[in-house]
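Student: what follows is a predicted structure for the sequence shown.
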4 protein chains.
Amino acid sequence: MQLGIVGLGRMGGNIARRLMRAGHQVVAHDRDHNAVNTLAGEGALSAADLAAVVQQLQAPRAVWVMLPAGEPTEQTIAQLADLLEPGDSIIDGGNTFYKDDMRRAAELAKRGLHYLDVGTSGGVWGLERGYCMMIGGERDVFERLEPLFAALAPGVGDIPRTHGLQGEHQRAEHGYIHAGPPGAGHYVKMVHNGIEYGLMQAYAEGFDLLRSKGSDELPEAQRFDLNLPEIAEVWRRGSVITSWLLDLTADAMAADPQLSQFSGSVSDSGEGRWTVDAAVEQATPVPVLSSALFARFRSRQQQGTYGDKVLSAMRLGFGGHVEKKS
Amino acid sequence: MQLGIVGLGRMGGNIARRLMRAGHQVVAHDRDHNAVNTLAGEGALSAADLAAVVQQLQAPRAVWVMLPAGEPTEQTIAQLADLLEPGDSIIDGGNTFYKDDMRRAAELAKRGLHYLDVGTSGGVWGLERGYCMMIGGERDVFERLEPLFAALAPGVGDIPRTHGLQGEHQRAEHGYIHAGPPGAGHYVKMVHNGIEYGLMQAYAEGFDLLRSKGSDELPEAQRFDLNLPEIAEVWRRGSVITSWLLDLTADAMAADPQLSQFSGSVSDSGEGRWTVDAAVEQATPVPVLSSALFARFRSRQQQGTYGDKVLSAMRLGFGGHVEKKS
Amino acid sequence: MQLGIVGLGRMGGNIARRLMRAGHQVVAHDRDHNAVNTLAGEGALSAADLAAVVQQLQAPRAVWVMLPAGEPTEQTIAQLADLLEPGDSIIDGGNTFYKDDMRRAAELAKRGLHYLDVGTSGGVWGLERGYCMMIGGERDVFERLEPLFAALAPGVGDIPRTHGLQGEHQRAEHGYIHAGPPGAGHYVKMVHNGIEYGLMQAYAEGFDLLRSKGSDELPEAQRFDLNLPEIAEVWRRGSVITSWLLDLTADAMAADPQLSQFSGSVSDSGEGRWTVDAAVEQATPVPVLSSALFARFRSRQQQGTYGDKVLSAMRLGFGGHVEKKS
Amino acid sequence: MQLGIVGLGRMGGNIARRLMRAGHQVVAHDRDHNAVNTLAGEGALSAADLAAVVQQLQAPRAVWVMLPAGEPTEQTIAQLADLLEPGDSIIDGGNTFYKDDMRRAAELAKRGLHYLDVGTSGGVWGLERGYCMMIGGERDVFERLEPLFAALAPGVGDIPRTHGLQGEHQRAEHGYIHAGPPGAGHYVKMVHNGIEYGLMQAYAEGFDLLRSKGSDELPEAQRFDLNLPEIAEVWRRGSVITSWLLDLTADAMAADPQLSQFSGSVSDSGEGRWTVDAAVEQATPVPVLSSALFARFRSRQQQGTYGDKVLSAMRLGFGGHVEKKS
């Protein structure tokens, strides 16, 4: 099939490559001409602007937008909508807030345009491992474009089959699903990332406990001097907590047991935040997912917080406790 | 009545004073002779050592130990036990772990000695406001010594009476209770302090939110530059969240709106920790009380934690995210 | 002064009464004619509809809307805006989301109308105790209407003065403040309610710990059978955790120690939710405030949750653990 | 090598089998004679009591105790200690609290006996997948018995090697480590299980969010009716959150999407609790691990809690809010 791709960054570029390897034709555009040229050198048709993307595609066209969520994606989709024709489709593969998908799909539908939201997991490893995709939008549009998703997905590979599944492999076993109407794809991806935050923080707390067990704030007889890289490695082997995130942790610790290249200040992205907002909207308790998000917020406040000063002020007020210098 | 008091620090000294003002006789001892002399100047009998405390009291004796929990209290009680006679009583008014009370009471009972554990709240304000006391131990011993507790307690004062209470004021309305068998006094005090942690953290988070609403990380149109001391003050006036802790916060903010004398590194005491341990033992969820304790732990790690570095390492591993410098 | 009041429920009716007691004139309207008649019997001018409210006021008019947040308030303000004249003011005293205030104030300003958002705390006790008010909007409009706020506020009363405050009492000491531009009043009130959730949950967890200490799931030697109403009462007396919320708890427990009229299913209002959303937006960790909100969400799921079933399914999967019947 | 095994339950029986398959000789004992006979039928030497275990082993003997933690393990080790000779070793492969290991190792050392604590993960799958083992105790004893651990461990298998590791495979890559002195093995296993709780709860919350997105408490236009088994499946395929726990979840959901065999009441074991206690002792914040534990506690309180009733009572007290029936 033919596909236009707008945005050739880490994700978009590799998506283009994986599609071309599967025999699909890609029309590639990026503000950065070098990125376009690189991909053209690998077999893509190059497009200097959005109009050129549209021109080189045959109707019904499909254009995959792979840009930072928010304004860059919003504006690009608005411009594409003016260039495309009824029956054409726009695919947003970025990390868009799912309510933005719902709004956009409704607006585009009035103009006869289709919209798919594709939550895409796989990060920098997707070219090699394939991408896990959760897709929202009209089912028939999804089905028309399915060969593209099938090419991007990991495929059944050698992962042991889920017990109880039989016969022909389902889409989910290939690594992509039609999650539901517009927004459903990014909603499922958002929850996926919320879970990711929780999993990461669970490991982080565990390793903190292993490390603080050797702290000289404990009585000497209570201390263990544990080898964290070795523990990360052994947990990859037959334990209940094996996971890909643990594999990555073992990689990092093998290279640098102190992880000294990192400052301890951890960024968060929109999806962890939206997950907590969704939980509030749905009256669903998410103590772990919110704790994971808050731990990141807290990590960025490397100075004492005002709230903590309020605590010390109260302690002085009721108990005469003078703050200990740490 | 007569009472020996061992430990004339901030709490013990004022307890002695409040008792003497009510006409009780105090035999006072402290390792620091100046503290003894000061109190002798205010009418106490001075005791150079524990034996002198015991000698100057008439049987059945009562000695109030007001020392730091742990070894200092433990050793003093052991020594007193050797000096006292069957029928005498030891009162631990410090912040002892309630299971230590249970053990001690059982040991002392074998020697015919009585033991009361008195959870004492009121801090540096107790001399003026009176002490709130939660008392564990044998009921008849408690009743014999009740005049002492009545003198230390705030009394009914001018606090509006709880709806539905009628007739003569109960002990609780005077500010002290017999909570139960040995350990019950300190158990109730421990939970009191656990609640205190939760209340303090609730205010701290609220003030943090007021402050971060003015942060230049928000778009300018979304910022409010709020006057925190004024807000603390107005909340004291008819709002749902009036409390003594809020009064103390307003005091501190009126003196220094930035609370700049504080570093943001907040200590914790045994009771906040024991409360969480008790919750674990009793299979009772305490998300707020534990969060409050953990916030203090976190406040003391002003360098990035290892756990947070693990998060950054994973993010680099799966997404190629290079850590932003904060 | 003159004030129109729309919405004569529990809050609105008492606000009208407190203003009239202070000599202000109230023009009162409610969809419920009985409510209007009742208030008319107490001295208010009655208005059959919004137009009648506007007609009976002299310019520059001020109308206080005291209705449920959301549609009822939104529609009433829209209708009032059509009836009022440039220079008139609308006051929203309900629990509006502060971003709605910001939007409304901007819209009304285009029509020459003023808008104040008044976060009002005091609940059913306001008539007697006065209302604590946090007010957003143009400063000069606030100042023009200040006599109304001064009448509604508790006044300085006999609350001990904050240390360090001297001279004439400030507004905050009377119980109201000008918090900032439009929305700032409701923002501060929102955070107030967020804190309220945290405080309440801290007490709730503490009382749960007192109660579960008597549970027959503990070994008998570890149990204490504690008297919770007595403990609530004694904590009101000189302890660090005295507060109005504790007073109310003592009231309730004195009347019914088992609190058997309650099911354990706890509602939440918008403000607790918005507080968590604001924390997410402001990247400010609020583990206590969010835990308090989630505890309420959880309390309403009295059937097992799907998430909990997922846990049991995993335990069966990796460990062969068959779920114990509770 | 020769090994005595006491306790032939789900774990102990399969450990015996895996050792025999690797050519080791097992002397097997269990209170349940059928269990002994079954294993004898598979090649083990049977022992009617502990003395018979000891008799059939050649010095220096090694006996692996695989019993429930606490009294059963404690008593068995005490009895074995009386039967064994200096130079012999006891291995505790159960879920013992690591401070009990430290105490036991010190006691046994006085009698010339060695002690290894083996944290063993792998659950019911260990026979097939091998066991992940974290081992504490004297290094030379560990090394002498290493062939047993090597046989039980999964071995390097076909798991992709951690980046940066080169040359001969380390022990950790075979699936077992010498973690440190006595207690270190079970300490690391305890933290492993703490992490396991956090991971499980992260998935549980995520699936709850997927499910509640279809709730009829949301406005219809906001609902998605998501296919949870399909989502669990697709996340196994190239996503960031792939893990063995997710595999098990997919298995369970494929068999029964509603998980209707489960009540939602989730048990916890000692290790999740000890992890939180350790965090408190080490002043290390673990918001996620504690939230996961508390969620299980809460799941077992399917009646309204007293704490929640306290909340409703306060709400009635300050706001006149009458509890909504859920």
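Tutor: Thanks, I have the structure now.
Student: C-alpha from now on. contacts and neighbour counts both.
Tutor: Will do.
Student: need the three-state assignment for residue A:217.
Tutor: Following DSSP: H, G, I helix; E, B strand; the rest coil, residue A:217 is assigned to coil.
Student: now look at the lengthiest strand in chain A and say if it contacts chain B.
Tutor: Looking across chain A with DSSP state E, the single longest strand is strand A:114-121. No. Figure legend: strand A:114-121 not in contact with chain B (Cα under 8 Å from any Cα of the partner chain); closest approach 9.5 Å.
Student: can you give me the strands in chain A?
Tutor: Going by DSSP E, chain A shows strands at A:2-6, A:25-29, A:45-46, A:62-65, A:89-92, A:114-121, A:132-136, A:176-180.
Student: does the lowest-mean-pLDDT helix or strand in chain A reach chain D?
Tutor: Sorting the helices and strands of chain A by mean pLDDT, DSSP states H and E puts helix A:126-129 at the bottom, at a mean of 89. Yes. Helix A:126-129 lies within reach of chain D by Cα under 8 Å from any Cα, at A:126, A:129.
Student: so which residues on chain A come close to chain C?
Tutor: Going by Cα under 8 Å from any Cα, the residues of chain A near chain C are A:240, A:273, A:276-277, A:280-281, A:283-287, A:290-291, A:294-295, A:297-298, A:318.
Student: quick revisit: can you give me the angle the longest strand of chain A makes with strand A:132-136?
Tutor: 150 degrees (axes from the mean of the first three to the mean of the last three Cα atoms, to 10 degrees).
Student: mind checking pLDDT for the residue of the stretch 51-200 of chain A found nearest chain C?
Tutor: Closest approach between the stretch 51-200 of chain A and chain C, counting by Cα to the nearest Cα: residue A:163, at 11.0 Å. At residue A:163, the model reports a pLDDT of 93.
Student: ok, it touching residue D:253?
Tutor: No. Counting by Cα atoms under 8 Å, residue A:163 sits too far from residue D:253 to count as a contact (9.7 Å).
Student: of those two, which one has the most company?
Tutor: residue D:253 (23 against 14; other Cα atoms under 10 Å in any protein chain shown).
Student: what about that one, distance to residue D:229?
Tutor: Using Cα to Cα, to the nearest Å, residue D:253 is found at 5 Å from residue D:229.
Student: now residue A:192
Tutor: From residue A:192 to residue D:229 the distance is 14 Å (Cα to Cα).
Student: the more surrounded of these two?
Tutor: residue A:192 (28 against 20).
Student: got a list of what the most centrally placed residue in chain A touches?
Tutor: Taking Cα atoms, centre = their mean, the centroid of chain A lies closest to residue A:121, which sits 5.1 Å from it. Neighbouring residues of residue A:121 by Cα atoms under 8 Å, 6 or more residues apart in numbering or on different chains: A:131-133, A:189, D:238-240.
Student: again, only using 7 Å
Tutor: A:131-133, D:239-240 (Cα atoms under 7 Å, 6 or more residues apart in numbering or on different chains).
Student: count the residues that sit near residue A:227.
Tutor: Residue A:227: 15 surrounding residues under other Cα under 10 Å.
Student: ok, for it, nearest residue in space, not its chain neighbours?
Tutor: Excluding the flanking residues, the one nearest residue A:227 by Cα to Cα, 6 or more residues apart in numbering or on different chains is residue D:179, at 7.3 Å.
Student: ok, the one you found touching residue D:187?
Tutor: No. When contacts are counted by Cα atoms under 7 Å, residue D:179 is not listed as touching residue D:187 (9.0 Å).
Student: of these two, who's got more company?
Tutor: residue D:187 (33 against 29).
Student: and the closest residue in space to the more buried one that isn't next to it in sequence, how far is that from chain B?
Tutor: Distance criterion Cα to Cα, 6+ apart; nearest residue to residue D:187, sequence neighbours excluded, is residue D:98 at 5.4 Å. Note on residue D:98: its distance to chain B, by Cα to the nearest Cα, to the nearest Å, is 17 Å.
Student: returning to that earlier point: the least confident helix or strand of chain A near chain B anywhere?
Tutor: No. Using Cα under 7 Å from any Cα of the partner chain, helix A:126-129 stays clear of chain B, coming no nearer than 9.6 Å.
Student: please save the CA atoms from that helix in PDB.
Tutor: Provided in PDB are the C-alpha atoms of helix A:126-129 (Å, rounded to 0.1, in the frame of the first residue of the first chain):
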ATOM      1  CA  GLY A 126      10.200  -0.700  17.300                       C
ATOM      2  CA  LEU A 127      12.200  -1.000  14.000                       C
ATOM      3  CA  GLU A 128      13.700  -4.200  15.200                       C
ATOM      4  CA  ARG A 129      10.900  -5.600  17.500                       C
END
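Student: report pLDDT for the closest residue to residue A:196 other than its chain neighbours.
Tutor: Distance criterion Cα to Cα, 6+ apart; nearest residue to residue A:196, sequence neighbours excluded, is residue D:241 at 5.9 Å. Looking at residue D:241, its pLDDT reads 96.
Student: likewise for residue A:10?
Tutor: 89.
Student: contacts only, for it.
Tutor: residue A:124.
Student: go with 6 Å
Tutor: Shown in contact with residue A:10 (Cα atoms under 6 Å, 6 or more residues apart in numbering or on different chains): no residues.
Student: so the residue of the stretch 51-200 of chain A closest to chain C makes contact with residue D:251?
Tutor: Yes. Residue A:163 is in contact with residue D:251 according to Cα atoms under 6 Å; the separation is 5.2 Å.
Student: pLDDT score for the closest residue to chain B within the stretch 1-150 of chain A?
Tutor: Residue nearest to chain B within the stretch 1-150 of chain A: residue A:123 (4.7 Å; Cα to the nearest Cα). Residue A:123 is assigned 76 on the pLDDT scale.
Student: picking that back up, how much space between the residue of the stretch 51-200 of chain A closest to chain C and residue D:255?
Tutor: 8 Å.
Student: check residue A:54 too.
Tutor: 46 Å.
Student: kindly report the same for residue A:25.
Tutor: 40 Å.
Student: who has more neighbours, these two?
Tutor: residue A:25 (19 against 15).
Student: for that one, give the beta-bridge partners.
Tutor: Beta-bridge partners for residue A:25, by DSSP bridges, are residue A:2.
Student: what pLDDT does it get?
Tutor: pLDDT at residue A:25 comes out at 98.
Student: mind listing the helices for the stretch 1-150 of chain A?
Tutor: Counting by DSSP state H, counting those that start in this stretch, the segments of the stretch 1-150 of chain A that form helices are A:10-21, A:33-41, A:50-55, A:71-83, A:98-110, A:126-129, A:139-144, A:146-152.
Student: rank those by pLDDT, which is bottom?
Tutor: Among these, helix A:126-129 scores lowest, at a mean of 89.
Student: and that one, how far out from the chain middle?
Tutor: 14 Å (Cα atoms, centre = their mean, to the nearest Å).
Student: how about the residue of the stretch 101-250 of chain A found nearest chain D: what's its closest non-neighbour residue?
Tutor: Relative to chain D, the nearest point of the stretch 101-250 of chain A is residue A:243 (3.9 Å; Cα to the nearest Cα). Closest residue to residue A:243 apart from its sequence neighbours, by Cα to Cα, 6+ apart: residue D:243 at 3.9 Å.
Student: cool, residue A:35 as well?
Tutor: Nearest to residue A:35 is residue A:8, by Cα to Cα, 6+ apart, at 6.3 Å.
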